[in-house]
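Student: Prediction below, plus the sequence it came from.
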Amino acid sequence: MNQIKKPIWILLLAGVATFSSCKKEFLELNSPTSLVPAIALGKEADLLVALRGAYASLRNVDHMGRTVPMIGDIMADNAYQSTLNTNRYTLFNNYTYNTLDGNVAGLWSAAYNTILRCNNVINASITPNTANVDQYKGEAYAVRALCYFNLVRYFSKPFSEDPNALGVPIVTTYNPDDKPTRAKVSDVYNLMIADLEKAYSLMTKYTNSSQFSKYAAKGLQAKVYLTKGDNANALTAALDVINNGGFTALTAATHASYWANSTVTTSKLETLMEVSSDATANLAFDALSYLYSQAGNYGDYLATDDLISKYAATDVRLGLYPRVTRSGVQVFSVNKYPVISGDYSDTKVLRLSEMYLIAAEASVSTNETNAKTYLNFITSRRNATAITSTGATLRNDIIQERRKELAFEGDRYMDMLRLKVDVVRGANYPVAARSFPVSNFRRQLPLPQSELDANANIRSQQNPGY
């Protein structure tokens, strides 16, 4: 793990030294590369700078900036690679990635770099302990939980399959010499839930849609519980957000303008949390929007015919997937991230509509009436057909509604993993890449070779098949 952690620690300390350098005694007594968090993050203002660094690192191209929301649909059955493409994520479209894949290594490294930044905020000792300090630490706990959530789902077996399987290394303190082994999947989930409880208890402020708030943390906890299969706690957490968070849900009338907007908001309309890419801090041509938008030079990924067939003709969500001609063929484009310059389209992490879908799924086995009420809260606001089914069909309809509502937000493959559903893809994909049952070893990503080389304690813990 120290291959990952040392560079980001040095960068963080360099930044801290910059905003602390006006003190003569600081310069005389402390080397910028030997500071410990107690010194480097000794004031409330220092903590805020470090927290901003954690949010900025979420934007990494191989984390929430692009890779996580992209491959969550490419590896499933929503997004496929156009014949005219720039060769981005081809190995995920074809299920041929390996231990040397740059995006795999990038996801691992980017997530752990962000975890390191969060750990520095969480472990900083600041006196007095103000409401702002609690807020900053609460946000850091939530960001750390999000990083572990991405890591454990992609690199480990689902909790629903084996909670005692190898998860990912748990790192909660800075130690450049530490070489941790993989913790159990259940231990990673316990950490995430504890982090989100801490986040919920510490935070008191809502800043804007690009930062975690109390109820964004609770929304992530609802998602973690649902993924774990703990429906009772998932329902409780989702309803807390719905009833107490103060957020307003999308309607058919606001749907198009919501997705056309690319700026961070304070309106509390729909977005619980998003990763911002503004006019100053963005990924330029590597932005998520470039991989989908047909207005730029890329537009590599398109919506599958199968996904489009699930929408009713009146459904406002269809407006996000206009027909275009690409390489002389009529295809369905993706216009969920339309802004490719200036203040780029942001990456949605958590939305209020998903809380209703979580509540529906978490209720279906105990109260079908309530499940349909939560589900049709969404269908009624998309001009979609109301769901009236029961039993197993109702459960399937809820999952299908998740697919339609959360398409191209990185959730579809995660749902297929937790529900232990075979990946079965249609003619939009290469013949050799159309069927990947739950048992296929490629359903989990490989540990990166760079990590195996850096950490002798993890070399024997590679995922089977690689």
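Tutor: Looks like it came in fine.
Student: How about stretch 362-373, which residues are buried there?
Tutor: Buried residues in stretch 362-373, defined by neighbour count with 16 or more other C-beta atoms under 10 Å: Ala362, Ser363, Val364, Glu368, Ala371, Lys372. Just so you know, the C-beta spots here come from the backbone N, C-alpha and C atoms, and that holds for glycine as well.
Student: I meant to write stretch 383-390 there.
Tutor: So for stretch 383-390, counting by 16+ other C-beta under 10 Å, buried means Asn383, Ala384, Ile387.
Student: Any chance of JSON lines for the residues you listed, columns secondary structure?
Tutor: Output for these, formatted as JSON lines (DSSP: H, G, I helix; E, B strand; the rest coil):
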{"residue": "Asn383", "secondary structure": "coil"}
{"residue": "Ala384", "secondary structure": "coil"}
{"residue": "Ile387", "secondary structure": "coil"}
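Student: Can you check the pLDDT for the residue nearest to Gly342 when sequence neighbours are not counted?
Tutor: Distances taken as C-beta to C-beta, 6 or more residues apart in numbering place Ala279 nearest to Gly342, at 4.8 Å, with adjacent residues excluded. Ala279 is assigned 87 on the pLDDT scale.
Student: need the strands for the stretch 301-450 of the chain, in chain order.
Tutor: 301-303, 323-326, 329-332, 347-351, 423-424, 435-436 (DSSP state E, counting those that start in this stretch).
Student: if we can go back for a sec, if I look at the residue nearest to Gly342, how far off is Thr263?
Tutor: Distance, Ala279 to Thr263, by C-beta to C-beta, to the nearest Å: 10 Å.
Student: Now list whatever residues contact both of the two.
Tutor: Common contacts of Ala279 and Thr263, defined by C-beta atoms under 8 Å, 6 or more residues apart in numbering, comprise Asp343.
Student: Neighbour count for the two, which is higher?
Tutor: Neighbours were tallied for Ala279 and for Thr263 using other C-beta atoms under 10 Å; the higher tally belongs to Thr263 (15 against 11).
Student: list the contacts for the residue lying closest to the more buried one once chain neighbours are set aside?
Tutor: Closest residue to Thr263 apart from its sequence neighbours, by C-beta to C-beta, 6+ apart: Asp343 at 5.5 Å. Residues in contact with Asp343 (C-beta under 8 Å, 6+ apart) are Ser262, Thr263, Ser277, Asp278, Ala279.
Student: Specify which member of these is nearest to Leu357.
Tutor: Ser262 (24.3 Å; C-beta to C-beta).
Student: Quick check: phi and psi at that closest one.
Tutor: Torsion angles at Ser262 (phi, psi; degrees, to the nearest 10) stand at phi -120, psi 10.
Student: I'd like to know how many residues surround it.
Tutor: There are 20 residues near Ser262, going by other C-beta under 10 Å.
Student: oh, and call the first residue 48 from now on, that's how I've got it
Tutor: Okay, residue one is now 48; in that scheme the one you just asked about reads as Ser309.
Student: What is the nearest of the contacts of Asp390 to Ala479?
Tutor: Nearest to Ala479 among the contacts of Asp390 is Ser324, at 34.7 Å by C-beta to C-beta.
Student: The closest one contacts Gly112, correct?
Tutor: Yes: under the criterion of C-beta atoms under 8 Å, Ser324 makes contact with Gly112 at 7.1 Å.
Student: Identify the contacts common to those two.
Tutor: Arg106, Leu330, Ala334, Leu335, Thr394.
Student: Going through the residues you listed, which ones are buried?
Tutor: Buried, going by 16+ other C-beta under 10 Å: Arg106, Leu330, Ala334, Leu335, Thr394, out of these.
Student: Quick check: the fourth one vs Lys252, distance?
Tutor: Meaning Leu335. 28 Å.
Student: Ends of stretch 199-208, what's the gap?
Tutor: 13 Å (C-alpha to C-alpha, to the nearest Å).
Student: chain center to that stretch: distance?
Tutor: Relative to its parent chain, stretch 199-208 has a centroid offset of 15 Å by C-alpha atoms, centre = their mean, to the nearest Å.
Student: contact partners of that stretch?
Tutor: Counting by C-beta under 8 Å, 6+ apart, 154-155, 212-215, 229, 232-233, 235-236, 239, 274-276, 461, 464-467, 485, 491-492, 494, 510 sit against stretch 199-208.
Student: Quick one: mean pLDDT over that stretch.
Tutor: 98.
Student: Equivalent analysis for stretch 257-272, please.
Tutor: pLDDT averaged over stretch 257-272 gives 98.
Student: Also stretch 389-397?
Tutor: 94.
Student: Off-centre distance for it?
Tutor: Computed by C-alpha atoms, centre = their mean, the chain-centroid distance of stretch 389-397 equals 12 Å.
Student: Figure out the length between the terminal residues of it.
Tutor: End to end - C-alpha to C-alpha - stretch 389-397 spans 23 Å.
Student: Now it: buried residues?
Tutor: Asp390, Tyr391, Ser392, Asp393, Thr394, Lys395, Val396, Leu397.
Student: what's the answer for stretch 135-143, then?
Tutor: Here stretch 135-143 shows Arg135, Tyr136, Leu138, Phe139, Asn140, Tyr142 as buried, counting by 16+ other C-beta under 10 Å.
Student: any chance of the residues you listed in a markdown table, with distance to Ala479 and secondary structure too?
Tutor: Below are these laid out as a markdown table (distance: C-beta to C-beta, whole Å; DSSP: H, G, I helix; E, B strand; the rest coil):
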| residue | distance to Ala479 | secondary structure |
| --- | --- | --- |
| Arg135 | 20 | coil |
| Tyr136 | 16 | coil |
| Leu138 | 13 | helix |
| Phe139 | 14 | helix |
| Asn140 | 11 | helix |
| Tyr142 | 8 | coil |
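Student: For the residue nearest to Gly389, give its distance to Glu186.
Tutor: 23 Å.
Student: cool, and Leu147?
Tutor: For Leu147 relative to Glu186 (C-beta to C-beta), the value is 35 Å.
Student: So which of the two has more stuff around it?
Tutor: Glu186 (27 against 11).
Student: is it true that the more buried one touches Leu95?
Tutor: No: counting by C-beta under 8 Å, Glu186 does not reach Leu95; the two are 10.0 Å apart.
Student: The closest residue to Val396 other than its chain neighbours bridge partners, please.
Tutor: Nearest residue to Val396 in three dimensions, chain neighbours excluded: Met320, at 4.4 Å (C-beta to C-beta, 6+ apart). Listed by DSSP bridges, the beta-bridge partners for Met320 are Leu397.
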